[in-house]
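1. Give me a 3D structure for the following:
(5 chains, ligands or ions: 4)
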Amino acid sequence: MSPTEYLRVSDLHAFYGESHILHGIDFTVRRGECVTLLGRNGAGRTTTLRAIMGLTGKRTGSIMLNGREAINLPPHRITQLGVGYCPEERGIYAGLSTEENLLLPPVVGSGGMSVDEIYAMFPNLWERRHSQGTKLSGGEQQMLALARILRTGARLLLLDEISEGLAPVIVQKLADVIRELKQRDYTVLLVEQNFRFAAPLADRMLVVEHGQIVAEIAQHELRQRKDMLQELLGV
Amino acid sequence: MMRTKLSWPSVAGVALLLVAPAVVYPVLVMKVLCFALFACAFNLLLGFTGLLSFGHAAFLGTAAYLTGHALKVWEVPTLVGLILGTVGAAALGWVIGSLAIRRQGIYFAMVTLALAQLVFFVLMQAPFTHGDDGLQGVPRGTLFGIDLTNDYALYYLVVALFVGAFWLIRRTIDSPFGQILKAIRENEPRVVSLGYDVARYKLIAFVLSAALAGLAGATKTLVFNFATLGDAHWHMSGEVVLMTLLGGMGTVFGPVVGAALIVTLQNELAVVAGSLVTVIMGAIFVVCVLAFRRGIVGEGIALYRRMIGEKVG
Amino acid sequence: MTEIFGVPLQALMGQLVLGLVNGSFYAVLSLGLAVIFGMLNIINFTHGALYMMGAMFTWMLLEYTGVGYWWSLLLAPVGVGLIGILIERVLLRHVYKLDHLYGLLLTFGLALMIEGLFRHLYGAAGQPYAVPSQLTGALDLGFMFLPKYRAWVIVASLAVCLFTWYMIEKTRLGAYLRAATENAKLTQALGINVPLMVLLTYGFSVGLAGLAGVLAAPTTQVGPLMGSNLLIVVFAVVVIGGMGSILGSVVTGLGLGLVEGLTKVFYAEAASTVVFIAMAIVLMFRPAGLFGREK
Amino acid sequence: MQGQPLPGDAHDPPPILETRGLVKEFRGFIAVNGVDLTVRRGHIHALIGPNGAGKTTCFNLLTKFLEPTRGTIRFKGEDITRAAPQAVARRGMVRSFQISSVFPHLSVRDNVRVALQRELGTSFHFWKSGRTLDSLDARAMELLESVGLEKFATMVAVELPYGRKRALELATTLALDPELMLLDEPTQGMGHEDVDRVMELIKQVSANRTILMVEHNMKVVAGICDRITVLARGAVLAEGDYATVSANPAVIEAYMGAESEDLFGEEPTQATSTRVPATEVVS
Amino acid sequence: QQKISDDVVKVGVLTDMSGIYSDFTGTASAIAAQMAVEDFSKDATVHGKKIEVVSADHQNKADIGAERARAWFDRDKVDVIVELVNTSVALAVMDVAAQKNKLALVSGAASLPITNERCNANTVHWVYDSYGLASGTAKAVVGSGKKNWFFIAADYAAGAAMTNDASRVVTANGGKVVGVAKHPFPTADFSSFLLTAQSSKADVIALANGGQDTITAIKQAAEFGITGSKQTIVPIVLFINDVHALGLKTAQGLTLTEGFYWNRDAKTRAWARRFFEKTKKMPSMAQAGVYSSTLNFLKAVEKTGTDDAATVMKYLKSNEIDDGLFKGKIRADGKFAHDMLLLEVKKPAESTEPWDYYHVRGIIPAEDAALPLSESRCSLVKR
Ligand SMILES: Nc1ncnc2c1ncn2[C@@H]1O[C@H](COP(=O)(O)OP(=O)(O)OP(=O)(O)O)[C@@H](O)[C@H]1O
Ligand SMILES: Nc1ncnc2c1ncn2[C@@H]1O[C@H](COP(=O)(O)OP(=O)(O)OP(=O)(O)O)[C@@H](O)[C@H]1O
Ligand SMILES: [Mg+2]
Ligand SMILES: [Mg+2]
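-> Ligands and ions are numbered 1, 2, ... in the order given. Coordinates of the predicted model:
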């Protein structure tokens, strides 16, 4: 495998109970790259991320995380390989204050942002740091979910629908954050419904349909493959 | 369905029961039958409704004392005595049940356990139970002129009672009511969405189970001529769980097998095990949970199905 | 002197204080149960047996190694905790995936085994354990003479409850624990070794039971049966408290101790049943328990 | 953003279900926020909206699986705001679940029979023989045929493929012959062919009843729905037939965003709101 | 003149080996019976027929006990069942013995009904009963000048019975009952009851309960400094094994009644030491009773030449019994009336050897320690 390659997923199948959701996902993400998974509701993008984290039911195939096979590792070991996961449902803890939520994930690598940096980046969190996690507004919860993995120094970020439920200004800010992360040579795997948000950020876009990758589009091909995207994403 | 697949064992079983006293002690068999009935009643709840009651001894004990007192002090006819015990247990079941079904799962178990303990204390303190002495020397009386002090006479009464109750339980399981119980165990919200009042089904199942447990207790008093606090102690509640688990919960014959095993085991351990009886009982529990969850009959059925190449649900 | 329902206030106060002593046992035990339930979703039927073990260890330490009360206060709970860890590793592990009723049955069987074993080895009448010399004698509270040891029991258990509460509510570790209780999978995905946490939590909670055992040793006969009856009462406490919060179980524990104390004044015969009656009433009006949120 | 329910003109059928100012709060978080919903007799009415918009919660409120925090629900003119779930079901409003919801270890036929036997009124009769239920088999088979499951009648439900389970669920719901049927994402997790079958099915069963369904699949919505209500962040964003709704810019922004015309317009727009996918919320 | 049935004389020791009574009965009782057989005849025979001892654990379950008794009598040729601790089991087995016309010699159980309303012709109550302990102790203690009594009584049949029996004697002998505190059974915390007792200023605090409760109460009495105060604690039912379990430090000064004390005289000591050899503990009165009852049964068989229940019982009831452990006569109602010992627990300093726990403070004559036949409700007592 090429040295710059950070994540290689091959022939990944995943299940929830009896329902077979992923039917053989194949893709790779190189270090410092930002890749977006597009697709309709229920296409299987979230499931892809959950499967990488080992959160689905049964899963088969192979997941190489910079050279280590992770398909059989328990979630916390996967994280310790330097992965940060921001779940679709955000997963803010009601039992913890904002700050506790932020400090919860253990540091898994060097080069994570300091708490001050984070508060500087998301002032709202600073203001609300003592209030109960789930009392935050949807948008603030989203920031918190993202912020807490930036702290850990994870090099690969799996971000699920981070733009959703956020006011345009914050979406803007998030876009900047992602860009900055790319500067810092983070690797990002983005799941997005909001095409406008994803398009400018992604080096490549993978289209998921019924648990399979049906198309790959590089940043520069966007315009000419517009109709094809229409067809795949639209109705 | 069960009905067709398992009817031959019932026939064989009944036949066996009829000839049994020729070889084994009638009293021993009667004891087994009492506990088998107790376990079946319990299984109706755990195995077919998915409710683990950890306080079924309360019903066994209460009925045992009620029947005993009625026969000894009020000197009612035997049949009336049995009915009183059963009805009493049912009533108690209704009270405890309507409290307990407000909670699910583990809570349900704890609540039943606690309430049963309450009943135990009450029985312990009530004068008519004679505390430690137990309610002794309960007369068996007569039935349709037949003198029941004769073990064999009583034996056939007990067999009749058991077979009757057992039939009722199986009938219940297959009945329209039983169908709903199964459905509730499988997927409660769905049953609600189909317009059934789940709580009432649970309660009825609970009362039914309590009543039959009561019948077991009443019969036991008749067999042994006494009722003691042991019948109401929470160890007894534990034992019936063990019987059901060992025999196979949710199977029709499991509890019977389990009861037979445990009863004989206890009798034999009495001579051989010295002071390790409880340890052994506990060990059986642990093994069953870890390695043997289907229970003897359950495993048997599974094996049988595998042999005739049928999938196990 | 002042009277309440014909009971001299002095006596009443006395009984309340004594109720508080029992209450603190309930509190420590139900606390452990609650934490275990929160993390493992298991009702730990062995809790009573392990409480007994705590006391037995205390006795053994003195009997065989001459180690006294104060060291036992540390060693016995640790010992019990280790045994708990063993139990979790060897047995409980296998039932998490199953319906949680199996957890209950498993621990029940285990309790039988432990109690039977100790009875077999050390007899039923139990063993004597003297009050540590530093705590003999009584305090004059004005309205009663409270044996120093009883006072110590109250102080110690309240301290333990407070400590546990602090650990869980205010520390990093506690945050992990709360997170794992709320959403184990995600917490693990954030890089926290949840299985290990579960192991330690169980060890700790069981250690609490052991500690309660040590505290009980000088006040009751140290025998194999001391756990089983107490446990059922604690279950009732748990149902009443409702597994809601840590504080919930503590408060309920102490509260019921007081209620029991009062009952002993006004209608002693009901002292052992009052807890269960209380439970029935609570169930009628607050099925989820006083501090409980539906699980 | 409050969408106005269109003034019911003459040839609009009468409403069967109406909600006024329906609100549901979960510990401070408002999942459903003042929804006025009007479902008219005989319609296939779709409830769409981004994840976490409150669709499933709405269902749970309508079927009384959740107690509304505020607001009223009227079904067939009667106020059912405080009725018990089973009572609502008996009045003829029956729902299906977002996660497939069958009785896994009962046979396919028995699954349907559980629903059918309610009509017999013998469901408390524990002394009656199970055979008394055999009279229902004929009807059960009919229903299974109507969803193309007749071949699987004796199979244990567990063993059905996902799509077929949804079909079975539908059959079970149909067994109660409800006047109003609530379907939560009936095509979720299905392949194309399944989707088409279910679409057909819904169309065909809608003959003499009303259907309210949650659906993410625009194809289905566009295909068979007479009327569409769009929820966003717990409130009604728009209402009307597919044409009206899909043209509504607010809806395009909030929900259909990705397929809107100015696909590559630079300015970021109002994004959709997503929280816990209901698959993990309900149950 | 019948012979020995089915050519063997079998003694069944039915006892509690795994439960709360196992300390003062249990496996050691079986050993006691075995000793009796050996002492009776070296080669364990009578009239050339083998003597065997079998034993079983009734697990404190009456039905298991009754079951076992039936099996023994019908199948295993057992002629007599001894020990029978736990009153519910004892009463149940008595009935079986009567049915099968075999013998039941009770030494472990305490309940009065055994020789009162539930008495039968096949049963002897060998060692003690709750009435004897209650009234006997009461009379002796009141006699010693301790007039005011406070009862801490378990709130169930047995507790009530003991309280009444004792109270009657107390008042009859010019004493006075200043209070009764009923406690639920079982109780883990007696402090509140002890407080009330303490404040009652009674001379005597009588514990009308048993087993674990009594032990706990005594232990906590020590904690509350009642032990060693001028208030005397009188546990009505207590065995030397309980004192052993409590330790002299806690138990010192208790006044109680037992039917047997190993360290009473040379004979008892000699026997007890042999018992100790085998069991590593000194005999309780129950275990002594097992020895005594077995021995005397065998003697009776030898004298009468049969193991027929009626004959043996007739002999036992018509001859004075004196085996060095117990001395007295078996009454019509089956109560073995013998002297009881009023004992006081020594201070740790006073104890000269292990298990040397008691001062013998007096002898309670048989007639004080048994329900007067005039008051008996036993059908065997003709008036
Ligand atoms: N816990 C679950 N149990 C069963 N099925 C599930 C579960 N979670 C998701 N699914 C199903 O898996 C399929 C893919 O879900 P997934 O969440 O991956 O969709 P997605 O591509 O992320 O779209 P969106 O996030 O917009 O819902 C859907 O059909 C969904 O119904
Ligand atoms: N029990 C609950 N406790 C707290 N919040 C809840 C609960 N149930 C739902 N919610 C919240 O209410 C909102 C609406 O949830 P709902 O399930 O109705 O969304 P939905 O529109 O059905 O989404 P989907 O398309 O994924 O089914 C979500 O944000 C969810 O977080
Ligand atoms: Mg998703
Ligand atoms: Mg013989």
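
2. which stretch of helix or strand covers the closest residue to ligand 1 within chain C?
-> With distances taken as C-beta to the nearest ligand atom, chain C approaches ligand 1 most closely at C:Lys185, which sits 10.9 Å away. In this view, the C-beta of every residue, glycine as well, is placed from N, C-alpha and C. Counting by DSSP states H and E, the secondary-structure element that holds C:Lys185 is helix C:184-189.

3. now that helix, how far from the chain's geometric center?
-> Distance of helix C:184-189 from the chain centroid (C-alpha atoms, centre = their mean, to the nearest Å) equals 29 Å.

4. Check the offset of the helix or strand that it is followed by from the chain's centre.
-> Scanning the chain past helix C:184-189 towards its C-terminal end, the next helix or strand to appear is helix C:194-216 (assignment: DSSP H and E). Remark: helix C:194-216 is offset 10 Å from the chain centroid, using C-alpha atoms, centre = their mean.

5. List the buried residues in helix C:194-216.
-> Counting neighbours by 16 or more other C-beta atoms under 10 Å in any protein chain shown, one finds that the buried residues in helix C:194-216 are C:194-195, C:197-216.

6. now do stretch B:277-290
-> For stretch B:277-290, a neighbour-count test (16+ other C-beta under 10 Å) marks B:277-286, B:288-289 as buried.

7. now, among those, which is nearest to chain A?
-> The shortest gap between chain A and any of the buried residues of stretch B:277-290 belongs to B:Val289, at 24.2 Å (C-beta to the nearest C-beta).

8. residues touching the closest one, list them.
-> For B:Val289, the contacting residues are B:245, C:95, C:102, C:105-106, C:109, taking C-beta atoms under 8 Å, 6 or more residues apart in numbering or on different chains as the criterion.

9. about what we covered before: list the contacts of the helix holding C:Lys185.
-> Outside of helix C:184-189, the residues that reach it under the criterion C-beta under 8 Å, 6+ apart are A:53-55, A:74-76, A:78-79, A:85, A:87, A:91, A:104, C:176, C:179-180, C:194.

10. Give me the subset of these lying in helices.
-> Taking DSSP state H as the definition of helices, the contacts of helix C:184-189 contribute A:53, A:75-76, A:78-79, C:176, C:179-180, C:194.

11. Quick one, which of these are buried?
-> Neighbour-count burial (16+ other C-beta under 10 Å) is assigned, among the ones in helices among the contacts of helix C:184-189, to A:53, A:75-76, A:78-79, C:176, C:179-180, C:194.

12. one step back: quick one: which of the contacts of B:Val289 is nearest B:Leu269?
-> Taking C-beta to C-beta as the measure, B:Leu269 sits nearest to C:Gly109 out of these, at 15.9 Å.

13. How many residues are close by that closest one?
-> C:Gly109 sits with 27 neighbouring residues when counted by other C-beta atoms under 10 Å in any protein chain shown.

14. circling back: per-residue pLDDT, the residue of chain C closest to ligand 1?
-> C:Lys185 is assigned a pLDDT of 87 by the prediction.

15. how much space between it and A:Leu12?
-> If you measure C:Lys185 against A:Leu12 using C-beta to C-beta, to the nearest Å, the figure is 18 Å.

16. ditto for A:Leu81
-> Separation of A:Leu81 from A:Leu12 (C-beta to C-beta) stands at 17 Å.

17. So if I had to pick from those two, which one is more boxed in?
-> Here A:Leu81 and A:Leu12 are set side by side on neighbour count (other C-beta under 10 Å), and the busier one is A:Leu12, at 25 against 18.

18. can you tell me which residues contact the more buried one?
-> Contacts for A:Leu12 (C-beta under 8 Å, 6+ apart) come out as A:22, A:24-26, A:48, A:51-52, A:59-63.

19. With that, I have no additional questions.
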